[in-house]
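**Student:** Pasting a predicted model and its sequence here:
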Amino acid sequence: MSTSVPLVVRLLSSSVSVANRAGKIVRDVMSKGELGIIEKGKDDYQTEADRSAQRCIIASLSAQYPKLNIIGEEDSPDNEGEVPSDWIVLDSDKDILSLECPAALKSVKEEDIVVWVDPLDGTSEYTQGFLEHVTVLIGISVNEKPVAGVIHQPYYKNLIGEKKIGRTIWGLQEVGVGGYTPAPPPDSLVITTTRSHSNPVVEQALAVMNASQILRVGGAGYKVLQLLEGKASVYVFASSGCKKWDTCAPEAILNAAGGKLTDVLGNFYKYGASEPHPNKTGVLAAINDELHSYAVNKIPQELKETLSKK
């Protein structure tokens, strides 16, 4: 890999290749049928696919960029020890390497970067067979802001006749996005929200939106993909259930596509290494500023205060 290419572009290029390999691990675990499910908390599960995919991602990126600060979802002793050699990916996506790096990111050093990893976003859906909802997320933040990211769908089925399974979507600040066909939002207001983590406050926030349709799906990555592909208008989740590794990559990609992701109050999250992991005040995202402003303004102040106090 040419070191003349700025670090952020090289890291994004590596992350695309690594996410592809992690996606294959996710499929391989499912094919073997031994998911190794552990319940980390209420409605919060971890499988062998989560653990193995994270080991692949962290080992691969650490081998190439040893000074990176990488924060992964799965904190487990099982992630320690020797990583199989075929899980360590050292190649990169050549199309990404040809991108022009934004001027503000050209001098970034490894020590300035925090990478947020969700090796399997949508674990509950994975265990229940809703495989289209499953994504691998790698988000790259600089100075506490998401600047680049990767969303890999291990089970995305390409056009009929193609044998390839899976696809990888990427975004880079001020450059744009790739890996999918962008589409405008629906003509009517369609909300995407949680499938398995609802509560009365979540439902109250949905009710005030006056949406023509509510899509209940798994995973933050998949919800943001629905916005990018024009299947939904706004992503609303008025709860503290999401974490930084759920939203870093999706926020970076959505931002690169002209969209916006904040908390329910309209404030941006910070992605520095010392930031608390929970997204305490929920998630609100849209493909453009107009839709985002509409959604923020529809949330009652009382509900915003309720979330802020939790």
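**Tutor:** Right, received. Where do you want to start?

**Student:** What are the boundaries of the helices in the chain?
**Tutor:** Remark: helices assigned in the chain by DSSP state H are 7-32, 48-64, 94-97, 123-128, 200-207, 220-228, 244-256, 289-298, 301-309.

**Student:** Could you export these as CSV, including mean neighbour count?
**Tutor:** For glycine as for every other residue, the C-beta is placed from the backbone atoms N, C-alpha and C. Converted to CSV, those look like this (neighbours: other CB atoms under 10 Å):
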stretch, mean neighbour count
helix 7-32, 22
helix 48-64, 23
helix 94-97, 16
helix 123-128, 20
helix 200-207, 16
helix 220-228, 27
helix 244-256, 28
helix 289-298, 16
helix 301-309, 13
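
**Student:** Tell me which of these sits nearest to Lys106.
**Tutor:** helix 7-32 (8.0 Å; CB to CB).

**Student:** In this protein, where is pLDDT below threshold?
**Tutor:** 1-3, 33-46, 75-81, 158-163, 310 (pLDDT under 70).

**Student:** Which elements pack onto the longest strand along it?
**Tutor:** Determined from DSSP state E, the single longest strand within the chain is strand 145-157. For strand 145-157, the elements it packs on are helix 7-32, strand 135-142, strand 165-172, helix 220-228, helix 244-256, judged by 3 or more CB pairs under 8 Å, 6 or more residues apart in numbering; DSSP states H and E.

**Student:** Give me the angle between it and strand 165-172.
**Tutor:** 160 degrees (axes from the mean of the first three to the mean of the last three CA atoms, to 10 degrees).

**Student:** Could you give the separation of strand 145-157 from the chain centroid?
**Tutor:** Put simply, strand 145-157 sits 6 Å off its chain's centre (CA atoms, centre = their mean, to the nearest Å).

**Student:** Equivalent analysis for stretch 118-129, please.
**Tutor:** The answer for stretch 118-129 is 13 Å, by CA atoms, centre = their mean.

**Student:** Please save the CA atoms from that stretch in PDB.
**Tutor:** This file holds the C-alpha atoms of stretch 118-129, laid out as PDB (Å, rounded to 0.1, in the frame of the first residue of the first chain):
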ATOM      1  CA  ASP A 118     -19.500  -3.200  15.800                       C
ATOM      2  CA  PRO A 119     -18.500  -6.600  14.300                       C
ATOM      3  CA  LEU A 120     -22.200  -7.600  14.000                       C
ATOM      4  CA  ASP A 121     -24.800  -5.000  14.300                       C
ATOM      5  CA  GLY A 122     -28.200  -6.600  14.600                       C
ATOM      6  CA  THR A 123     -27.200  -9.700  16.700                       C
ATOM      7  CA  SER A 124     -30.800 -10.300  17.800                       C
ATOM      8  CA  GLU A 125     -31.900 -10.400  14.200                       C
ATOM      9  CA  TYR A 126     -28.900 -12.600  13.300                       C
ATOM     10  CA  THR A 127     -30.100 -15.200  15.800                       C
ATOM     11  CA  GLN A 128     -33.700 -15.000  14.600                       C
ATOM     12  CA  GLY A 129     -32.900 -15.300  10.900                       C
END
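
**Student:** Can you pull the phi and psi angles for Ser274?
**Tutor:** When read as degrees, to the nearest 10, the backbone of Ser274 gives phi -90, psi 0.

**Student:** can you count the residues close to it?
**Tutor:** 8 (other CB atoms under 10 Å).

**Student:** Tell me which residues of the longest strand of the chain come out buried.
**Tutor:** For strand 145-157, a neighbour-count test (16 or more other CB atoms under 10 Å) marks 145-156 as buried.

**Student:** For that strand, which strands pair with it and how are they oriented?
**Tutor:** strand 135-142 (antiparallel), strand 165-172 (antiparallel) (DSSP bridges).

**Student:** chain center to the first one: distance?
**Tutor:** What separates the centre of strand 135-142 from the centre of its chain is 6 Å, taken as CA atoms, centre = their mean.

**Student:** same deal with stretch 121-137?
**Tutor:** 12 Å.

**Student:** contacting residues for Ala148?
**Tutor:** Applying CB atoms under 8 Å, 6 or more residues apart in numbering to Ala148 gives the contacts 8, 11-12, 15, 139-140, 170-173, 252, 256.

**Student:** of those, closest to Val202?
**Tutor:** Gly139 (23.6 Å).

**Student:** Next, count neighbours for that closest one.
**Tutor:** Neighbour number of Gly139 under other CB under 10 Å is 30.
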